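**Q** sequence unknown, structure follows:
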């Protein structure tokens, strides 16, 4: 654990255990919250559909950011725009003195051709790696923005009764730094003061995923994997496809490297203690069926939950790739770049949160001990700065097995709109109950 995280955890522990004077206030009644969320739901659905039909790629979320900023200003909040290029920060200062808590939603879409058949399906395009590509909210960030906008309106309507300050963070580029950009949205927003003035004592966020509709699930400590981008460049010697011995076959080298990485991961790491995924997802080489090319490039992703183990696997993979290339007479360049750190849910805050989420979702609909997941999230950088908890909201269609529900990032991914009020309530309650804590 880093010194920064230790300090953050210590600060949170003092805040939760000291019975701060500013927290001595009657809690806002759940019935009042439920009524306000119900009244807000038609707007949330409308926002979600509008955003879904008008998706924007990372650091290009200008329309989305403008919609969010206009909404927050209309609620009377202090609003900062352009934080991390297109990020928006709204500050709601309650009518009573108290602490500071933050809520976060991500705004960017993906270069995916939507195949949901929805009447508000995206037909938008954008520019990615110099090419015009289809763009779709294939990860549910449209729902995230809409739910946090709804929570902002509900909480603004309770401003007089809020004992403290709530910071709303609408973040760009969660899906990673676009090509040519050195940093993604969370890191850039942190650098540009999203967690300063005022500085939150805790931060919460959620993500829609396949799951029983309206359920909330998470785990303390390591919840979502650290994510690294892997790039491999191979250089051989071009030759006729009929005379492979007259060249150095980078296609054969690439095939052997993929098998080596798969075997290295599967046969040297215990998946029951530290889940690890090392995937080569792209291979680019050649222009003609009967020419063995001179160069090949591969790229992929590494997902891990243990820093020391990750570092050792990267070291051993580098050695193995060099050895395979040398065996064939080729050369290899191997590089690894982190896209997201481990999503680490603060243990004390995780335990405190379970009954709060039960208020939001109902008895039997919260699992605070779900298994870890190998997908990643750059919320991890925010919760490295201040203690936080990130949780998932099940959003499969009614009657559909979550195991067969289209996954995030697929052309058919969609959000069951019936779960949107659960997400709004969860945002509202995590902020209020944190500030009201005894």
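**A** Received the coordinates, thanks. It should be emphasised that the depicted structure is a prediction, and the values quoted were computed from it without experimental measurement.

**Q** please make it C-alpha for all contacts and neighbour counts, starting now.
**A** Fine.

**Q** please enumerate the helices of this structure.
**A** Along the chain, the segments classed as helices by DSSP state H run 3-17, 30-53, 62-74, 141-156, 185-191, 250-268, 307-328, 347-361, 379-385, 420-436.

**Q** count of neighbours near residue 175?
**A** Here the number of neighbours of residue 175 (other CA atoms under 10 Å) works out to 21.

**Q** now swap in residue 429 and tell me
**A** 23.

**Q** in contact with it, which residues?
**A** 356, 357, 359, 360 (CA atoms under 8 Å, 6 or more residues apart in numbering).

**Q** need the helices of the chain in a markdown table (columns: mean pLDDT and distance to residue 107).
**A** Below are the helices of the chain laid out as a markdown table (pLDDT from 0 to 100; distance: least, CA to CA, whole Å):
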| stretch | mean pLDDT | distance to residue 107 |
| --- | --- | --- |
| helix 3-17 | 53 | 26 |
| helix 30-53 | 98 | 9 |
| helix 62-74 | 98 | 7 |
| helix 141-156 | 98 | 5 |
| helix 185-191 | 97 | 10 |
| helix 250-268 | 97 | 34 |
| helix 307-328 | 96 | 29 |
| helix 347-361 | 98 | 23 |
| helix 379-385 | 97 | 13 |
| helix 420-436 | 98 | 16 |
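
**Q** between those, which one is nearest to residue 118?
**A** Residue 118 lies closest to helix 30-53 among the helices of the chain, at 9.6 Å (CA to CA).

**Q** relative to helix 347-361, how tilted is the closest one?
**A** Note on geometry: by axes from the mean of the first three to the mean of the last three CA atoms, to 10 degrees, helix 30-53 and helix 347-361 are set 90 degrees apart in direction.

**Q** quick one: buried residues of helix 30-53?
**A** By neighbour count with 16 or more other CA atoms under 10 Å, helix 30-53 contains the buried residues 33-34, 36-37, 40-41, 44-45, 47-53.

**Q** quickly name whichever of the residues you listed is closest to residue 110.
**A** Lowest distance from residue 110 to the buried residues of helix 30-53 (CA to CA) belongs to residue 52, with 11.4 Å.

**Q** and the residue nearest to residue 87 when sequence neighbours are not counted, what does it touch?
**A** In space, residue 87 comes closest to residue 171 once its chain neighbours are excluded; the distance is 4.9 Å by CA to CA, 6 or more residues apart in numbering. Residue 171 makes contact with 84, 86, 87, 88, 104, 105, 106, 107, 185, 186, 189, according to CA under 8 Å, 6+ apart.

**Q** please identify which of those is nearest to residue 246.
**A** Using CA to CA, residue 185 comes nearest to residue 246 of those, at 48.1 Å.

**Q** which residues touch that closest one?
**A** Neighbours of residue 185 in contact, by CA under 8 Å, 6+ apart: 58, 59, 84, 87, 171, 172, 173, 174, 176, 177, 378.

**Q** so the last one versus residue 273, what's the distance?
**A** Here the criterion is CA to CA, to the nearest Å. By it, residue 378 lies 23 Å from residue 273.

**Q** next: the second one.
**A** If you measure residue 59 against residue 273 using CA to CA, the figure is 37 Å.

**Q** higher neighbour count, the two?
**A** Ranked by neighbour count (other CA under 10 Å), residue 59 and residue 273 place residue 59 first, with 21 against 9.

**Q** would you list the phi and psi of residue 341?
**A** phi -80, psi 170 (degrees, to the nearest 10).

**Q** pull up the gap between it and residue 187, please.
**A** For residue 341, the distance to residue 187 (CA to CA) stands at 11 Å.

**Q** hey, what's in contact with both of the two?
**A** Listed as contacting both residue 341 and residue 187 by CA under 8 Å, 6+ apart are residue 381.

**Q** sorry, back to before: ok, so of the contacts of residue 171, who is nearest residue 310?
**A** Nearest member of the contacts of residue 171 to residue 310, counting by CA to CA, is residue 186, at 22.2 Å.

**Q** tell me who's in contact with residue 354.
**A** By CA under 8 Å, 6+ apart, residue 354 lies in contact with 366, 367, 368.

**Q** quick one, what contacts the last one?
**A** Spelled out, that is residue 368. Residues in contact with residue 368 (CA under 8 Å, 6+ apart) are 217, 218, 219, 220, 350, 351, 354.

**Q** can you select the buried ones from these in PyMOL?
**A** Of those, the buried ones can be selected in PyMOL as follows, counting by 16+ other CA under 10 Å:
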select buried, resi 217+218+219+220+350+354
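
**Q** the contacts of residue 368: which two are farthest apart?
**A** Checked with CA to CA, these reach their widest spread between 217 and 351, with 12.5 Å between them.

**Q** pLDDT and distance to residue 398 for the contacts of residue 354 - can I get that in JSON lines?
**A** Output for the contacts of residue 354, formatted as JSON lines (pLDDT from 0 to 100; distance: CA to CA, whole Å):
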{"residue": "366", "pLDDT": "98", "distance to residue 398": "18"}
{"residue": "367", "pLDDT": "98", "distance to residue 398": "19"}
{"residue": "368", "pLDDT": "98", "distance to residue 398": "23"}
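
**Q** now do the residue most central in space within the chain, the pLDDT please.
**A** The centre of the chain sits closest to residue 377, judged by CA atoms, centre = their mean, with a distance of 3.0 Å. With respect to pLDDT, residue 377 has a value of 97.

**Q** once you drop chain neighbours, what's closest to it?
**A** Nearest non-adjacent residue to residue 377, counting by CA to CA, 6+ apart: residue 340, 6.0 Å away.

**Q** now residue 358
**A** Using CA to CA, 6+ apart, the nearest residue to residue 358 is residue 366, at 6.0 Å.

**Q** contacting residues for that neighbour?
**A** Contacts of residue 366 were listed using CA under 8 Å, 6+ apart, and they are 215, 216, 217, 354, 357, 358.

**Q** if we go to 7 Å?
**A** Going by CA atoms under 7 Å, 6 or more residues apart in numbering, residue 366 touches 215, 216, 217, 357, 358.

**Q** any of those buried? List them.
**A** For the contacts of residue 366, a neighbour count by 16+ other CA under 10 Å gives the buried set as 215, 216, 217, 357, 358.
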